Structure formats: C-alpha cells, structure tokens
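1. Got a predicted model here, sequence first, then my questions.
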Amino acid sequence: MTEGEVINRDKTDSKGPPKRTPSVTDKVQERKNVSRPTSGVQERISLSRGSKKASRGGTRGDVEGQEDEEGEGFEAGLEHEGGGDREDMGGSEGARRSSESVRNPEEDYDTDLEVEESRESFHRSWEEIYIEACKRFNVVPASYFLRNMRKENLIMRHHGLGPKGAQAIAVALVTNTSVVKLDLSDNHIEEGGALAIAEMLKENFYIAELTLADNTIGEVGVTAISEIMKSNPTLTSICLSGCELDDSVAHILGDAIEKMQKVEVLDLSHNKLGDKSAEAIAKGISESMSLRSLDLSWNNFRPKGICILAKGIKQAYSMTKCNLSWNGVENEGALALADAVKSTDILKELDLTNSRLNTEAAVNLAKSFSVNETLLTIKMGKNPMESAGCYGVITQVLLNANSKLQEIYFDDIVVNKDFDEQLAKLHEVHPEMKVITGGHEEERKKKAPPKLDHPLLKIKKFCHEKELNLGELFVQKDPEQTSSISKDEFRSVLQDLELGLTDEEIATITVQLDRDMTGFINYNEFLNFMERIQLDDFNDLIKYRVSDFLKRKDAEKREAELLAAAELEHADDNAEAIADE
C-alpha cells in the first residue's frame with residue numbers, strides 16, 4: 001500500500017484485496033500524465049493563476065472539490081513549482097515504496113495538516129512571483145516595480161522595460177489586487193509586451209486605467225488591446241497616444257469603440273490617423289454605449305475626414321467630450337461640426353484649438369451656439385480667426401437665452417475694444433461665464449517683449465554647453481543616409497534633448513521646415529541654418545534669419561519649378577518638330 005492511500009475496511013471484497021479509494025495525490029498525478037503543457041506568455045500567466053487558485057482552499061476536501069472546476073490552472077501551478085513539490089505530493093515512486101515498509105498506521109488517515117504542508121509552496125507573495133517571472137524571461141527585475149506594486153497608482157514611464165520586461169510585469173499583475181492605474185508609457189514594449197498586458201487583463205479585473213503611450217505596439221498589439229476593450233469589465237480608461245497608429249488599424253479601433261463595454265475615456269492623440277480612418281471611427285462613435293471622452297488631437301485629419309467624424313458626433317449616444325485640436329478642420333469641417341453641434345444633446349466639451357479656423361470658419365461654427373443647450377466648454381484658441389472671429393462667437397452665444405456655456409477659450413488671439421464691448425453685454429446675461437483671450441492690442445503694444453529665448457536659440461545654447469553634435473542624433477534616425485527623416489522622428493530627437501521645448505514650439509519648427517507638408521524634414525538644411533545662429537542673437541534677429549531662410553527656400557523652389565516647366569516645354573517643341581518632319 002502506497003503513501004496517501006486509504007483503505008475502506010468495512011467494504012472489503014471477500015474475493016479480492018481491499019478496495020482502494022484514490023486520494024488527492026493520485027488524482028493530481030493522473031491528470032499530470034494526460035495534461036497538455038501551455039506555452040509562451042500563457043504558460044507564465046498560468047503559473048500565477050495556479051498560485052492564486054490553489055491558495056483559496058482550506059482542507060484536502062476543499063482541494064478535491066476544486067479540482068474539477070479549476071483543472072488546468074491548478075495543475076499548471078503544480079507543474080511549475082519544481083521537483084520538491086512532486087515529492088511532497090507522492091510523485092516519486094521510490095519515496096512511496098520506502099514509506100510502505102516504515103509507515104505508521106496513523107498515516108492511513110487523511111488529515112488537514114497534510115494538505116496545509118503541501119500547499120505552503122503556493123502561498124507566495126506578488127514579489128516572489130515577479131522575481132521568478134524575471135528569471136524565466138531572463139530580465140533584470142525592476143526595483144521600482146517591486147517597491148510600488150502594492151500601490152493603487154503604478155506609474156512606470158521611461159523605464160526601458162522592453163517586451164520581456166513587460167511580460168514579466170504582466171505575470172506578476174495577474175493576481176495583483178492593489179494596482180488600479182497602470183502607466184507603462186515609453187517603455188518599448190512592442191507587440192510582445194502589448195500581448196502580455198492584454199493576456200493579463202483577461203484575469204485581472206482590478207485595473208481601471210491603462211496607459212501605453214509612446215510604445216510602438218503594431219497591429220498585433222492594437223488587436224489584442226482592442227479585444228480587451230470589448231471584454232474587460234473594469235477597464236474604464238485607455239491611452240494609446242503616440243503609438244504610431246495609422247489608417248491600417250482604423251477598422252480595428254472602430255470595431256473596439258463600437259463594442260467596448262466599460263471604457264469611457266479613449267486617448268488616440270499624437271498618432272497618424274487620417275481621413276481614411278474617419279469612417280471606421282465615426283461608426284464606432286455613433287454606436288458606442290460607453291464612450292464618454294475621445295481624444296483625436298495631433299493626428300492627420302483634414303476637412304474631408306472631419307466632415308465624416310462630425311456625422312459620428314451628431315449620432316453619438318454617450319460621448320460628452322471630443323478633442324479635435326491640432327487637426328485641419330478649416331471652413332468645410334467647421335460647417336459639418338456646426339450641424340453636429342446643433343443636433344446633439346449629449347456633447348458638453350469640444351476642443352478645436354489650432355485647427356485652422358479663420359474668421360469665416362469661426363462664425364459658421366458659432367451659429368450652432370445660438371441653438372445648442374448642452375455645450376459647457378468650447379476651445380478655439382491659437383486659430384487665425386482674429387478678434388472678428390471671437391466677436392462673432394460671442395454674438396451668437398448672446399442670441400441663445402438657454403445656453404449652458406461656462407467656458408470659452410480664445411487663448412493666444414488678440415482682441416480689440418469691439419470684442420470687449422460685446423463681452424460686457426454677455427457678462428450681463430451670463431456673469432459667471434469664463435472667457436479667455438490672448439490679451440488686447442493696446443496691452444500688447446505697452447508690454448515689453450518677454451525675455452524668453454527663441455526655440456532655435458535654446459537648441460543652439462544647449463548644444464554649445466553640452467558640446468553636443470546634433471547631426472549625429474539625426475543620423476541615428478536615418479540609417480539609409482537620405483538626409484531626410486519624418487517629422488515624428490525629428491520631434492523625438494528634440495524631445496530627447498529635454499530642452500523644455502513645448503509641443504507648440506516644436507510644431508512651429510517642423511512646420512517651417514516642411515513647408516510642402518510632405519511629412520519629412522531635410523535635417524541637413526536645418527543644421528546648415530543652425531550654424532548661422534549666434535549665441536548672442538536676440539529673438540527678433542533670429543526671426544529675421546528664419547524669415548530670410550524661408551524666402552530663399554521658396555525662391556529656390558519656384559526657380560526649380562520654372563526650370564522644370566521650361567524643360568517640359570522644350571521637350572514638347574522637340575516632339576512637335578519630329579512629328580512635322
């Protein structure tokens with residue numbers, strides 16, 4: 001009789017040996033022999049899952065009752081615990097034989113103590129699970145994670161985790177019940193890391209906010225996260241800003257927006273989504289029952305795409321906040337948005353900062369404000385609408401006695417006395433309404449210029465003080481040595497310098513260097529121009545240098561176009577001459 005067997009002496013068959021009732025050990029051993037091993041990330045996550053489930057039981061009877069329900073998770077936990085546990089559970093044939101000859105009769109009885117001893121190996125802390133996962137993935141444990149994995153907010157930006165580091169963290173978070181907000185921005189987690197995070201969120205129902213900003217997760221990663229958006233019951237906020245998402249994944253995002261269950265806040269800013277993405281996203285907006293806030297700022301939407309998005313906004317069930325700033329709305333898009341704002345009774349905040357709204361576009365959009373009764377905040381700053389456009393907006397709001405507007409932003413737009421008079425009338429009707437402007441013409445004239453260095457001068461001084469070769473940084477982004485890199489790559493180089501440049505300052509530089517809107521910048525031209533800037537230059541002089549540089553660049557472009565036209569005309573003349581002959 002082997003260890004762990006129990007003899008039912010009252011039901012002994014007279015024709016044969018005593019009947020034997022299989023113990024927990026035998027059942028588990030039998031399942032081991034037929035179970036199929038898991039692989040990849042799922043294998044690591046099953047390690048943590050098995051640990052979590054096995055720790056719930058209290059007695060051997062509890063374990064037996066859970067075996068059929070938990071199956072592979074429990075077995076996987078046993079599989080990964082090592083040889084020592086298999087010996088404790090009766091896995092060694094030699095140990096069973098030796099125990100037969102010297103076993104105490106009391107060992108025939110099942111006891112809770114026996115189960116507790118075998119379960120000790122499952123009572124592991126989250127830190128131990130993480131350390132073991134790091135060993136399996138061959139990565140160095142992140143001390144910051146170990147120190148903060150029991151806090152509600154786990155912010156791990158710029159830690160260079162990589163795909164394997166993210167996978168190890170995912171394993172440790174499967175059973176974690178403390179972390180509510182997880183931020184892994186800029187960690188190069190790639191597709192592998194995104195897959196691991198998604199797999200973890202199939203089991204972890206405590207994390208409510210997930211941020212994977214500035215990670216290139218690819219189509220595979222987007223697909224995995226999108227599936228989680230549709231199935232996880234606790235995830236309410238997801239940020240995929242700066243993940244280089246383009247039109248090729250729009251159908252995936254649109255489907256996720258349409259079908260997601262609990263996600264209320266979705267940030268897709270600083271990506272490469274354009275007009276081809278608008279149809280899928282608009283459909284998702286119009287069908288979603290959970291979406292409250294959508295951020296599409298800093299993408300590549302133009303008037304055609306904005307018109308399509310406006311249809312989605314018009315039909316939205318739940319979206320109360322929409323950010324379309326730093327896109328090309330223009331007059332055509334403004335007309336479409338005006339129609340949406342007139343019809344919606346859901347939208348409360350609309351951000352159109354720096355979206356190419358001129359005076360005409362601002363007035364056309366403002367006509368919807370005379371009708372809408374739900375909008376609370378409208379942001380129209382940094383647009384070329386001038387004081388006349390701001391005046392038109394205030395006038396339309398005055399016509400709406402039921403307007404709920406509380407905040408209007410015209411930041412960086414200089415206004416005049418006519419606007420002030422109209423604003424005074426508005427405050428008589430809505431005294432608590434907050435209106436932000438870029439100041440007054442008279443005040444601007446009286447104010448001394450701010451003593452802030454021009455962005456290009458900041459770069460010049462920084463490179464001089466640090467003895468930094470800016471060209472080498474650009475070459476690293478250009479392995480094919482074409483002297484040209486994308487605007488996003490150019491922006492990342494400047495951001496990595498940590499000069500304190502704002503997004504607006506960087507955008508101003510990139511727009512001036514990419515006048516043709518090709519999406520690429522010739523960094524050699526930029527470096528040649530930077531050589532002309534002197535450390536003692538003042539801002540106005542630098543602005544003059546920039547203006548002169550752009551004028552010469554435009555002149556060279558026109559000259560090249562004229563030359564090309566002349567060559568084409570000459571070729572046509574030759575062709576006619578040959579035809580006449």
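-> Good, I have the coordinates.

2. which residue is nearest the centroid of this structure?
-> Among the residues of the chain, Leu240 comes closest to the average C-alpha position under Cα atoms, centre = their mean, at 1.6 Å.

3. Just confirm that residue contacts Leu210, I think it does.
-> No. In terms of Cβ atoms under 8 Å, Leu240 does not count as a neighbour of Leu210; the distance is 9.2 Å. For glycine as for every other residue, the C-beta is placed from the backbone atoms N, C-alpha and C.

4. Would you map the helices across the stretch 201-350 of the chain?
-> Counting by DSSP state H, counting those that start in this stretch, the segments of the stretch 201-350 of the chain that form helices are 218-231, 250-259, 275-287, 303-315, 330-343.

5. I should have written the stretch 401-550 of the chain there, sorry.
-> 417-429, 441-446, 455-466, 470-476, 487-496, 503-513, 523-532, 539-580.

6. weakest of these in terms of mean pLDDT?
-> Set side by side, the helices of the stretch 401-550 of the chain differ in mean pLDDT, and helix 441-446 is lowest with a mean of 64.

7. returning to that earlier point: next up, the contacts around the residue nearest to the centre of the chain.
-> For Leu240, the residues meeting the contact criterion (Cβ atoms under 8 Å, 6 or more residues apart in numbering) are 212-213, 217, 222, 225, 266-268, 271.

8. Now tabulate these in TSV and tack on distance to Asn358, neighbour count and pLDDT.
-> Putting the contacts of Leu240 into TSV (distance: Cβ to Cβ, whole Å; neighbours: other Cβ atoms under 10 Å; pLDDT from 0 to 100) gives the following:
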residue	distance to Asn358	neighbour count	pLDDT
Leu212	37	26	97
Ala213	32	18	96
Ile217	37	26	96
Val222	36	22	97
Ile225	38	24	97
Leu266	30	26	98
Asp267	28	20	98
Leu268	27	25	97
Asn271	26	23	96
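
9. hang on, the earlier thing: turn the helices of the stretch 201-350 of the chain into JSON lines, including distance to Leu357.
-> Listed next are the helices of the stretch 201-350 of the chain as JSON lines, based on distance: least, Cβ to Cβ, whole Å:
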{"stretch": "helix 218-231", "distance to Leu357": "31"}
{"stretch": "helix 250-259", "distance to Leu357": "25"}
{"stretch": "helix 275-287", "distance to Leu357": "18"}
{"stretch": "helix 303-315", "distance to Leu357": "11"}
{"stretch": "helix 330-343", "distance to Leu357": "6"}
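
10. wait, which of these is closest to Ala424?
-> Closest to Ala424 of the helices of the stretch 201-350 of the chain is helix 330-343 (Cβ to Cβ; 25.4 Å).

11. Buried residues, that closest one. List them.
-> Neighbour counts over helix 330-343 (16 or more other Cβ atoms under 10 Å) mark 330-341, 343 as buried.

12. Show me how far that helix is from its chain's centre.
-> Relative to the mean C-alpha coordinate of its chain, helix 330-343 is positioned 28 Å out (Cα atoms, centre = their mean, to the nearest Å).

13. could you give the angle of it to helix 303-315?
-> Between helix 330-343 and helix 303-315, the angle comes out at 0 degrees (axes from the mean of the first three to the mean of the last three Cα atoms, to 10 degrees).

14. Let me see the contact set for the closest residue to Val179 other than its chain neighbours.
-> Spatially, and ignoring its direct neighbours in sequence, Val179 is nearest to Leu154 (4.8 Å; Cβ to Cβ, 6 or more residues apart in numbering). Applying Cβ under 8 Å, 6+ apart, one finds that Leu154 lies in contact with 145, 148, 179, 181-183.

15. Name the member of the residues you listed that has the highest neighbour count.
-> Using other Cβ atoms under 10 Å as the neighbour test, the contacts of Leu154 are led by Leu182, with 23 neighbours.

16. now that one, what's its secondary structure?
-> In the three-state summary, Leu182 is assigned as strand, counting by DSSP: H, G, I helix; E, B strand; the rest coil.

17. so where's the chain uncertain?
-> When residues are selected by pLDDT under 70, those of the chain lie in 1-123, 442-453, 515-516, 535-550, 553-554, 557, 581.

18. Hmm, Gln261 and Lys230 touching each other?
-> Yes. Using Cβ under 8 Å, Lys230 makes contact with Gln261 at a distance of 6.5 Å.

19. about what we covered before: which stretch among the helices of the stretch 401-550 of the chain comes nearest Glu128?
-> When these are compared by Cβ to Cβ, helix 487-496 sits nearest Glu128, at 36.2 Å.

20. now the angle from that closest one to helix 523-532?
-> Relative orientation of helix 487-496 and helix 523-532, computed by the same axes, to 10 degrees: 40 degrees.

21. now helix 487-496, how far from the chain's geometric center?
-> Chain-centre distance of helix 487-496: 18 Å, with Cα atoms, centre = their mean.

22. Now do the buried residues in it.
-> Applying 16+ other Cβ under 10 Å to helix 487-496 flags 487, 489-494 as buried.

23. who touches the closest residue to Val222 other than its chain neighbours in this structure?
-> On the basis of Cβ to Cβ, 6+ apart, the spatially nearest residue to Val222 that is not a chain neighbour turns out to be Val249, at 4.8 Å. With contacts defined as Cβ under 8 Å, 6+ apart, Val249 is in contact with 219, 222-223.
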